[in-house]
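J.: Got a predicted structure here, sequence first:
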Protein chains: 2
Amino acid sequence: MDQVDRKIIAALRENGRATYADLGRSVGLSASSVHERVGKLEAAGVITGYHAMVDPNTVGLGVTALVGIHPTDTATEDDVAEALGALDEVESCYAVAGDEAFVVKVRVATVDDLEKTLGRLRRIPGVGRTNTTVVLSTRFEGRPNNAGLDEGRNGDA
Amino acid sequence: MDQVDRKIIAALRENGRATYADLGRSVGLSASSVHERVGKLEAAGVITGYHAMVDPNTVGLGVTALVGIHPTDTATEDDVAEALGALDEVESCYAVAGDEAFVVKVRVATVDDLEKTLGRLRRIPGVGRTNTTVVLSTRFEGRPNNAGLDEGRNGDA
DNA sequence: CCTGAAATGATCCACCC
DNA sequence: GGGTGGATCATTTCAGG
């Protein structure tokens, strides 16, 4: 992982559909070389995938909430996480330090759906109290964080 | 936005580098038609971009935290949000209901860096107390939520 | 929405540094 | 070990219908 890889990664975070030719131009390498480098980055698990971002509002998902999940001791964390993953409306799931076991991000169409989802969450074995924070507006999200890319910091891949 | 568009969107969420030819095959249309549809979806703001996902651990960003930000009345929400956006390590920023004004997701290399970042956050005018939740593990994140795509629900684009 | 064709890019390989 | 350049094949991106 050298500076060129970092540039390629940054570029692909910006535009995941950039062509190898384009990438080559912006880092001063041939398309073949970039192609090979990207392949290696993918194989090494540095680049885990490419995804289109969709404005949730335009697809009828206008309600976002962050839900803290307090555990009971009736199920393992892994089992709870798996059950959370089975719910389509749970977009992200973090195991956290503190008195909550997980924080999940939930995306639904209406507050009615949010209520239903919270019901489903609480019905999961191992889930106790939930603490819901409704998102009023998403100022920005999933922004490329190049802190680890710009600097002389080196990852362990 | 018909069923075909929804399928295309779902496919591009899965694989943002899918070729129009591939997409065409999977929805039963020609590549040209898919190309035109995708162009319209982009123009309509439904698809907001394509981004490579990077495993944070492999690029030296091993520490994630969710930080709740309590407001003071010395700055507007917009100004605070802008200041938060100026920090590279703040990956996402949500304005929320409740006694916190914002919840942000922060990604840094070490707990030392986390401490520095929290210092920076608290130095922002309009930011009062912060409440930090350290992420122990990310079970899943930014998962395609097709709740609004599978069903007969219609978005407003 | 399709076909068809020209331009561009992807992909592979022999070769070079 | 990378990197290059060219050949070949696929895809993009227009026209036009």
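T.: Here it is on my side, so go on. Residues are numbered from 1 along each chain as shown, chains lettered A, B, ... in the order given.
J.: what sits against A:Leu23?
T.: Counting by CB atoms under 8 Å, 6 or more residues apart in numbering or on different chains, A:Leu23 makes contact with A:Ile8, A:Ala11, A:Leu12, A:Ala31, A:Val34, A:Val38. From N, CA and C alone the C-beta is placed, and that goes for glycine too.
J.: typo on my end, it should be A:Val38
T.: Going by CB under 8 Å, 6+ apart, A:Val38 touches A:Ile8, A:Leu12, A:Tyr20, A:Leu23, A:Ile47.
J.: So A:His70 versus B:Thr133, what's the distance?
T.: Separation of A:His70 from B:Thr133 (CB to CB, to the nearest Å): 13 Å.
J.: Verify the contact between A:Thr117 and A:Val106 for me.
T.: Yes: contact criterion CB atoms under 8 Å: A:Thr117 and A:Val106 qualify, at 5.6 Å.
J.: Name the residue in the two with the higher neighbour count.
T.: More crowded of A:Thr117 and A:Val106, by other CB atoms under 10 Å in any protein chain shown: A:Val106, with 27 against 24.
J.: Now do the shared contacts for A:His70 and B:Thr133.
T.: A:Glu100.
J.: Looking at the two, which is more packed in?
T.: Ranked by neighbour count (other CB under 10 Å), A:His70 and B:Thr133 place B:Thr133 first, with 19 against 14.
J.: Can you give me the domain boundaries for chain A?
T.: Domains of chain A are assigned by automatic domain parsing as A:3-43, A:56-135.
J.: Mean pLDDT and distance to B:Val111 added to those domains, as TSV?
T.: Formatted as TSV, the domains of chain A follow (pLDDT from 0 to 100; distance: least, CB to CB, whole Å):
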stretch	mean pLDDT	distance to B:Val111
domain A:3-43	96	23
domain A:56-135	97	11
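J.: which bits of chain A sit near DNA strand D?
T.: By CB under 7 Å from any atom of the strand, the residues of chain A that approach DNA strand D are A:Val4, A:Leu29, A:Ser30, A:Ala31, A:Ser32, A:Ser33, A:Glu36, A:Arg37.
J.: Are any of those residues buried, and if so which?
T.: Neighbour-count burial (16 or more other CB atoms under 10 Å in any protein chain shown) applied to the residues of chain A next to DNA strand D gives A:Leu29, A:Ser33, A:Arg37.
J.: Out of these, the closest to DNA strand C would be?
T.: A:Ser33 (8.7 Å; CB to the nearest atom of the strand).
J.: Spatially, which residue comes closest to that closest one, not counting chain neighbours?
T.: The shortest distance from A:Ser33 to any non-neighbouring residue, by CB to CB, 6 or more residues apart in numbering or on different chains, is to A:Gly24 (6.9 Å).
J.: and if you look at A:Gly62?
T.: Nearest to A:Gly62 is A:Ala109, by CB to CB, 6+ apart, at 6.4 Å.
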